[in-house]
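Asks: Requesting a structural model of the entry that follows:
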Amino acid sequence: MATESPQLFLCPISMELMEDPVTVSTGVTYERRSIERWFFKYGKTTCPATMQRLASLDLTPNHTLKRVISSWRDRASSPSSPTDTLAPMARERLPSVLAGIEATPFKVTALKSLRSCMAVDESAQDDFVACDGIQVLGRVMVQALAESSAGGDFSAFRTCEEAAAVLDTLPLSENASVDLVLKPECMRPMVALVQRGSTEARLHAMSILDKVSKASGGRNWTAVVDLDDMVKSLLDLLSDGASSKLSSRALDVLLDVTARSPSSGRARRGKDVVEVGAVRVLVELLPDADRHVTERTLLLLKRLCKCPEGRLAFAEHGLAVVAVSRTVLRVSGLATRLAVNVLWLVSCAARPSEKVLDDLVTSGGVAKLLALLQVESSASTKEKAGRMLRVHGAFWRQYPCFPADLKDYLKFLN
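Replies: This is a model prediction of the structure:
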């Protein structure tokens, strides 16, 4: 089994092992490429870990940490190097350990120690749930958030982050565990962590939400959180783009949020998500997205464009039609199907604006729709492409720049 990298050696932005660690004025160390991207690509002037405004963007090489990481990598790669192990935690010790965590003023240290034991001892995870460990973590998180909101020092919020890290070591696959996590005292801190936690804490929070979602069946976990705040925070993460892991997790949670509403409330949920700027953020993800991100982004756009507000926001974005059209026949079969669905929704499900139709021509979208009729693709995709061409063919043939052979083909379709 590969040796897990010590947390101190991971960049707080990318959560990957640092190769060129540099320190900012707050004293936090980052991988140089990640923090430079934060400063110069995204125009940020804050420390990502503490969100404090930086007096200077100067980066100081952390030579000591770089040497320690190099030494650790050499030892970890040696087949003869011994691996450190932690002794399993006896069940009879758990109640006193949990009581000590609630009582001690040094909660971060105690939670880190508990997390290390839980990560290597699967039997302790079941014992932890049986000994009311989830309830203890919920109380610790609620208290930590209250102290942090009341102007407490940064360690109060770090306590909440560490409690979530312990919670994330649990599989959370049993109904009893899920019921406990779905209580407000556990779910509200998850929203706070997504909003303002460190990169690691946000990953833990979204991992917990993912586990709860998969195990909760038909139960709607979104009913116990402030969903507007959650969605805004997820969109901010996608806009920042500072961590591919965070962006991927944020997309997963957004997909779950948009799928969780009962059918009677789904249109309202879509409208709410659109109103906080989701369409703009998703469209601007597409140009640089890989296949997996592209497919999930298009699925979200498809869901949002089913409501009038989503179609309007899409039509008003200057690059929306261009960005979606470019994915057709370029990324994957699934991406093509989803992109055609989005274009069909904004051009045929309701009366489209002339701008949408103009953009479909100038972006090459119409040519791609024609090409789809000639290549192997799903019947529903061909049907939607054909319908768009039949309904709007007369409008598109008016363009002087439109190729003559395509004009003839459009006449044939009609």
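
Asks: Would you map the helices across the stretch 301-414 of the chain?
Replies: Using DSSP state H, counting those that start in this stretch, the helices of the stretch 301-414 of the chain run over 308-316, 320-327, 333-347, 354-362, 365-372, 379-396, 404-413.

Asks: average pLDDT for the second one?
Replies: The average of the pLDDT scores along helix 320-327 is 96.

Asks: now it, how far from the centre of its chain.
Replies: Here helix 320-327 is found 22 Å from its chain centre; the criterion is CA atoms, centre = their mean, to the nearest Å.

Asks: Run through the helices of the stretch 151-300 of the chain in chain order.
Replies: Under DSSP H, counting those that start in this stretch, the stretch 151-300 of the chain gives helices at 154-167, 175-181, 184-196, 199-215, 227-240, 244-260, 263-275, 278-285, 291-304.

Asks: other SSEs contacting the fourth one?
Replies: Based on contacts counted as 3 or more CB pairs under 8 Å, 6 or more residues apart in numbering; DSSP states H and E, the elements that helix 199-215 packs against are helix 154-167, helix 175-181, helix 184-196, helix 244-260. Bear in mind the C-beta positions are built from the backbone N, C-alpha and C, glycine included.

Asks: Met388: which of these is closest?
Replies: helix 244-260 (24.5 Å; CB to CB).

Asks: Output the contacting helices and strands for that closest one.
Replies: helix 199-215, helix 227-240, helix 263-275, helix 291-304.

Asks: any idea which of the ones you listed scores lowest on pLDDT?
Replies: Taking the mean pLDDT of these, helix 263-275 comes last: a mean of 74.

Asks: what's the spacing between stretch 185-204 and its chain's center?
Replies: Centre to centre, stretch against its chain (CA atoms, centre = their mean), the figure for stretch 185-204 is 12 Å.

Asks: Buried residues, it. List them.
Replies: Within stretch 185-204, the residues scored as buried using 16 or more other CB atoms under 10 Å are 185-195, 197-204.

Asks: Can you list the low-confidence ranges for this structure?
Replies: 1-4, 78-92, 151-154, 218, 261-267, 401-414 (pLDDT under 70).

Asks: ok now do the residue nearest to Ala259 when sequence neighbours are not counted, which residues does it touch?
Replies: With CB to CB, 6 or more residues apart in numbering as the criterion, Ala259 has its nearest non-adjacent residue at 7.7 Å, and that residue is Arg303. Applying CB atoms under 8 Å, 6 or more residues apart in numbering to Arg303 gives the contacts 258-259, 270, 310.

Asks: out of the helices of the stretch 301-414 of the chain, nearest to Pro12?
Replies: helix 320-327 (30.7 Å).

Asks: So which residues make contact with that closest one?
Replies: Contacts for helix 320-327 (CB under 8 Å, 6+ apart): 279, 283-284, 286-287, 294, 298, 301, 314, 335-336, 339, 342-343, 346, 356, 359-360, 362-365, 368.

Asks: could you redo the last one with a cut-off of 7 Å?
Replies: 283, 286-287, 294, 298, 314, 335, 339, 342-343, 356, 359-360, 363-365, 368 (CB atoms under 7 Å, 6 or more residues apart in numbering).

Asks: Count the residues that sit near the nearest residue to Thr26 once chain neighbours are set aside.
Replies: Leaving aside its sequence neighbours, Thr26 sits nearest to Cys47 (CB to CB, 6+ apart; 4.3 Å). Using other CB atoms under 10 Å, the number of residues around Cys47 comes to 19.

Asks: I'd assumed Ser56 was in contact with Cys47.
Replies: No. The criterion here is CB atoms under 7 Å, and Cys47 misses it with Ser56 at 11.3 Å.
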